[in-house]
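Student: structure for the following, please:
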Amino acid sequence: MAMITEDMVINEVIRRYPEAIAVFNAFRVDSCCGGGQSIKVTASADGVDVPSLLAALNATTEAQKGG
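Tutor: As a prediction, this is how the structure comes out:
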């Protein structure tokens with residue numbers, strides 16, 4: 001099972017899991033200008049709790065896969 005991790009680049013996550021954009025938006029993570037950086041770098045710069053963001057991203061992508 002592939003999981004989204006903090007070292008993954010935001011643009012790659014969105015390309016692979018389009019539903020992730022809603023999670024980044026909900027957490028107010030800059031997925032546009034900050035999309036070329038890792039989740040950890042961009043989310044930390046935006047003041048977001050990285051473990052909470054990762055949990056939400058993985059829950060969303062798992063739900064989309066039906067599992």
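Student: isn't V29 up against I14?
Tutor: No: with contact defined as CB atoms under 8 Å, V29 does not count as touching I14 (10.8 Å). Every C-beta, even on glycine, is put in place using the N, C-alpha and C of the backbone.
Student: name the residue in these two with the higher neighbour count.
Tutor: Higher neighbour count among V29 and I14: V29, with 25 against 17, using other CB atoms under 10 Å.
Student: and that one, how far is that from G66?
Tutor: Going from V29 to G66 by CB to CB, to the nearest Å gives 25 Å.
Student: could you list the low-pLDDT ranges of the chain?
Tutor: Low-confidence segments of the chain (pLDDT under 70): 1-2, 67.
Student: do a quick rundown of the helices in it.
Tutor: All helices of the chain, identified by DSSP state H, fall at 10-16, 20-26, 39-45, 50-65.
Student: tell me which of those lies nearest to I4.
Tutor: Taking CB to CB, helix 50-65 is the member of the helices of the chain nearest to I4, at 4.6 Å.
Student: tell me what that closest one is packed against?
Tutor: helix 20-26, helix 39-45 (3 or more CB pairs under 8 Å, 6 or more residues apart in numbering; DSSP states H and E).
Student: pick the most buried one from those.
Tutor: Of the helices and strands packed on helix 50-65, the one with the most neighbours on average (mean count of other CB atoms under 10 Å) is helix 39-45, at a mean of 19.
Student: can you list contacts of it?
Tutor: Applying CB atoms under 8 Å, 6 or more residues apart in numbering, the contact partners of helix 39-45 are 4-10, 13, 27, 29-31, 34-35, 49-50, 53-54, 57.
Student: if we can go back for a sec, just send the helices and strands packed on helix 50-65 back as TSV, with distance to E62 too.
Tutor: Formatted as TSV, the helices and strands packed on helix 50-65 follow (distance: least, CB to CB, whole Å):
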stretch	distance to E62
helix 20-26	12
helix 39-45	17
